[in-house]
Every structure is written in structure tokens, then in C-alpha cells.
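Chemist: just to be clear, the model below is a prediction. Sequence and coordinates:
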Amino acid sequence: MSCNGSTEEVLQQVNQFWSMLDDLCVNDPAAYRRLMEKQLKEGAELRPELHSCLCTQTLEPKPGLLYINICSWKRVPAPQDPNSTLPVCAGQLVTGTNEGQGWYAVLDVALNPTVLQETEEDKSDIKEIYMQALSFAQQQHGMQISQEYRVVNCGPKSSPDEIHHRLGFQKGSKTSKQPEKVSHSPAALLQEISSLRSKEQDEDSAAQMIFTPAERQKKDLIQVISTTFVGPQRPEYQLEVKTDTEGAPCAMELTVELPKIRSMSECQLRVSKEDVLLEVEDIYYLIVEFPKTVNEDTASAIFSKKTRRLQLKVDLV
């Protein structure tokens with residue numbers, strides 16, 4: 001089967017682009033470094049950032065604690081004017097149990113950065129946002145919660161990766177359109193790729209967010225932006241503490257069932273002193289906290305193609 005002309009043109013552009021980057025890296029390392037830093041900065045700016053965390057008591061569906069992460073996120077639009085509704089993007093509600101503390105729930109609420117910046121000048125504004133976030137949790141999730149809250153540093157399951165994941169980390173499906181003209185100059189090609197990248201980011205955002213009419217009371221100033229994100233599933237796993245010959249804890253061993261993958265190369269694995277992140281794009285997503293501090297430099301992972309099982313072992317500090 002032969003490729004059509006448009007496909008060949010796209011492949012030529014991709015090959016030329018990588019060739020340009022190689023030449024730039026060799027001939028002008030400083031410019032190459034600036035380009036890479038710019039791309040990394042743009043990617044980081046699209047991630048939500050934790051602004052503050054509220055903690056309040058829940059009465060229903062279970063007695064416990066509710067943590068609301070107030071986040072700053074550029075993908076949430078700013079209000080059109082001071083009197084308009086406040087656009088808000090909410091993540092998935094997650095629940096769990098902490099030893100000694102009992103049942104808890106975590107909810108992420110993201111606003112445009114300009115909204116939160118304005119609250120630095122008027123502290124009453126941030127209190128209003130906090131109260132609206134509590135009201136939102138009650139209305140959207142049928143919870144009965146206390147209106148008294150405290151601001152804490154961070155709640156459970158609230159690492160940057162977890163917040164990013166719950167608020168809509170995904171890659172939307174895109175349809176490629178061939179350009180009418182193919183430009184072969186380095187500057188034009190980089191500009192074209194940059195513009196296409198910006199367009200794809202906008203499409204991602206549109207795919208993740210749907211504006212829904214807000215059934216507002218007189219004081220309800222929040223316009224809910226719900227996500228259509230259906231995330232990767234959480235795989236089954238088992239975490240064990242291994243002991244040495246004298247019975248003292250010496251290592252952690254994590255076993256994860258991954259029946260939908262065939263190779264270790266499909267996995268992205270990150271190990272820190274406190275936790276491990278396992279991600280298979282669009283398929284699996286797992287964060288596991290270690291009960292004891294580990295030495296991440298000793299981590300080793302093996303994937304069995306026969307059993308489709310990943311085993312990670314890391315020594316304790």
C-alpha cells in the first residue's frame with residue numbers, strides 16, 4: 001500500500017523538524033536550550049497549581065473530613081466582568097480512609113489565576129470563594145457539611161500529579177488537517193508547529209470542559225464547568241514490607257496487575273522517597289504512598305510478559 005502525497009508531506013515535515021533541532025543543538029546550543037526551556041515552561045503553565053486547601057467536617061453521606069483543594073488553572077476562563085458568574089472547573093470526588101482519622105473525601109476546585117490574584121488585595125473575596133466552594137460540594141455531591149472550615153497546608157491524595165489527573169489530564173482525539181502550502185524554512189516550520197500545538201491545546205481544553213447552565217440562587221455566583229474526562233483505570237496492586245533474615249523491615253515490594261499492556265516500555269514509572277507513580281497513557285494511573293521512607297536510588301522494576309504483572313522493589317532508608 002503506497003502513501004498518498006499529503007501523508008508523505010507530513011512525514012517530510014516531521015523529519016525536517018527533527019533535523020532542524022539536531023542542527024540547532026550542534027550549531028547553537030544556547031538557542032536550543034532556550035527553545036527547550038520555553039516548551040517546558042509552556043507545558044508547566046497548563047498544569048493546575050494548589051492555591052489553598054480547606055478542611056471541614058462532613059455529616060452525610062458519612063461522618064468524616066472533606067478537603068477542598070482551591071487551585072489556580074489557566075485552562076479555566078476568567079469571568080467576563082465583575083458582575084458575571086464565576087467559572088469553576090471541578091474534579092472527581094475521591095474518598096478514602098486514614099488510620100486514626102477515619103473516612104475522608106477530597107474535591108478539587110479550579111479557578112482562573114486572575115481571580116485568585118485579585119483576592120490577595122481583598123481577603124473578603126477569598127472567604128467568599130471558600131464559602132461558594134463549600135456550597136458547591138453540597139449541591140453537586142449531595143453532601144451535608146459544616147460551614148466552619150480551617151485552611152490547612154495540604155490534604156490526602158493531593159500531590160500535583162493527583163490533582164492534575166483528577167481535573168482532567170487526558171489527550172483529546174484530534175483530526176489532522178493538511179496545510180495548503182508546505183514551508184521549508186526553519187522559522188516558518190517552527191512557527192507552524194507552534195501554532196498547531198496551541199490549537200491542539202485549545203481543542204483538549206474544549207474536549208474536557210462543558211459549560212452547563214448554573215441553577216443559581218441570589219447569592220450563588222459560581223458557573224460550573226464540568227469535565228467529560230473518563231480517566232485511566234486504577235489497576236489492582238499489592239504493597240508488601242519485606243524483612244531481612246532477622247525479621248527487620250528492609251524493603252518495599254509493589255506488585256501491580258497490568259493485563260492490558262505487553263511491555264515495560266509502555267509504562268512511565270516515577271519513584272520518590274514517599275510514593276510511586278505508575279502511568280500507562282490512557283490505560284492505567286496509580287499512585288501508592290509508602291508507609292515508610294525508601295531510598296529511591298535502589299528501586300528496580302521487572303515486568304513479566306507472561307503474567308502481565310509489574311514488580312517494583314525498593315530498599316527502606
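Modeler: Great, that's in hand.
Chemist: what is the least confident helix or strand in the protein?
Modeler: Ranked by mean pLDDT, DSSP states H and E, the weakest helix or strand in the chain is strand 209-211, scoring a mean of 30.
Chemist: ok, so what distance separates the residue nearest to residue 277 when sequence neighbours are not counted from residue 161?
Modeler: Of all residues not flanking residue 277 in the chain, residue 270 sits nearest, at 4.4 Å (Cβ to Cβ, 6 or more residues apart in numbering). Yep, even glycine has a C-beta here, placed from its N, CA and C like the rest. Counting by Cβ to Cβ, to the nearest Å, the gap between residue 270 and residue 161 amounts to 8 Å.
Chemist: overlap in contacts of these two?
Modeler: Common contacts of residue 270 and residue 161 (Cβ atoms under 8 Å, 6 or more residues apart in numbering): residue 277.
Chemist: doesn't residue 164 fall inside a strand?
Modeler: No: under DSSP: H, G, I helix; E, B strand; the rest coil, residue 164 sits outside any strand and is assigned helix.
Chemist: how many residues are close by it?
Modeler: Using other Cβ atoms under 10 Å, residue 164 has 18 other residues around it.
Chemist: quick one: residues contacting it.
Modeler: Contact analysis of residue 164 by Cβ under 8 Å, 6+ apart lists 47, 48.
Chemist: now do the same for it: its pLDDT.
Modeler: Predicted confidence (pLDDT) for residue 164: 84.
Chemist: domain ranges for the chain?
Modeler: The chain breaks down by automatic domain parsing into domains covering 5-45+175-209, 49-168+212-227, 237-315.
Chemist: most tightly packed of these?
Modeler: Ranked by mean neighbour count, those are led by domain 49-168+212-227 with a mean of 16 (mean count of other Cβ atoms under 10 Å).
Chemist: now the lengthiest strand in the chain - C-alpha only, CSV.
Modeler: Scanning the chain for the strand with the most residues, using DSSP state E, yields strand 49-60. Output of strand 49-60 as CSV, limited to C-alpha atoms (Å, rounded to 0.1, in the frame of the first residue of the first chain):
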residue,chain,number,x,y,z
GLU,A,49,-1.4,24.7,40.9
LEU,A,50,-2.7,24.4,44.5
HIS,A,51,-3.6,27.7,46.0
SER,A,52,-5.1,26.7,49.3
CYS,A,53,-6.8,23.7,51.0
LEU,A,54,-9.9,23.8,53.1
CYS,A,55,-10.8,21.2,55.7
THR,A,56,-14.3,20.8,57.1
GLN,A,57,-16.4,18.1,58.7
THR,A,58,-18.9,16.0,56.8
LEU,A,59,-22.2,14.9,58.2
GLU,A,60,-23.5,12.9,55.2
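Chemist: okay then, goodbye and thanks.
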